[in-house]
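Novice: Kindly generate the corresponding structure for this input.
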Amino acid sequence: MGIVLWIIFGAIAGWVASVLMKTNYKQGTITDIILGIVGAIVGGFLMGMVGQSGVTGFNLYSLIVAIIGAVVVIFVGRKLHR
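Specialist: Below you'll find the model as predicted:
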């Protein structure tokens, strides 16, 4: 059951990031899930670089970290695509 919750968590984080970056009309649910999961990894890495804890569990702080990471992933993807 834990993996299902993390997929839902990734979907929420990816969706929020895609709305913030105005890419939600271009991508589907699977892309949102992937962005959210990758965003959680990237966000955890970035937070570790500034001395903060990364994703700590299924909570609001971790969701915010994942959203920040997904926004960074979308931003970098846009820059590489151009």
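Novice: Tell me the buried residues in stretch 19-34?
Specialist: Buried residues in stretch 19-34, counted by 16 or more other C-beta atoms under 10 Å: 21, 23-24, 31-34. All C-beta atoms are positioned from the backbone trio N, CA, C, and that covers glycine.
Novice: can I get the CA coordinates of the helix or strand that contains residue 5 in PDB?
Specialist: Taking DSSP states H and E as the criterion, residue 5 maps to helix 2-20. In PDB, the C-alpha atoms belonging to helix 2-20 read as follows (Å, rounded to 0.1, in the frame of the first residue of the first chain):
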ATOM      1  CA  GLY A   2       2.900   2.300   0.600                       C
ATOM      2  CA  ILE A   3       4.000   2.500  -3.000                       C
ATOM      3  CA  VAL A   4       0.400   3.500  -4.000                       C
ATOM      4  CA  LEU A   5       0.600   6.400  -1.500                       C
ATOM      5  CA  TRP A   6       3.900   7.500  -2.900                       C
ATOM      6  CA  ILE A   7       2.600   7.400  -6.500                       C
ATOM      7  CA  ILE A   8      -0.400   9.600  -5.400                       C
ATOM      8  CA  PHE A   9       2.100  11.900  -3.500                       C
ATOM      9  CA  GLY A  10       4.200  12.200  -6.700                       C
ATOM     10  CA  ALA A  11       1.100  12.900  -8.800                       C
ATOM     11  CA  ILE A  12       0.000  15.700  -6.500                       C
ATOM     12  CA  ALA A  13       3.500  17.200  -6.400                       C
ATOM     13  CA  GLY A  14       3.900  16.900 -10.100                       C
ATOM     14  CA  TRP A  15       0.500  18.300 -10.800                       C
ATOM     15  CA  VAL A  16       1.000  21.400  -8.500                       C
ATOM     16  CA  ALA A  17       4.400  22.000 -10.100                       C
ATOM     17  CA  SER A  18       3.000  21.800 -13.600                       C
ATOM     18  CA  VAL A  19       0.200  24.300 -12.700                       C
ATOM     19  CA  LEU A  20       2.800  26.600 -11.200                       C
END
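Novice: sorry, back to before: okay if I get the buried residues of stretch 19-34 as a markdown table plus distance to residue 55?
Specialist: Shown next, in a markdown table, are the buried residues of stretch 19-34 (distance: C-beta to C-beta, whole Å):
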| residue | distance to residue 55 |
| --- | --- |
| 21 | 20 |
| 23 | 22 |
| 24 | 22 |
| 31 | 20 |
| 32 | 17 |
| 33 | 15 |
| 34 | 16 |
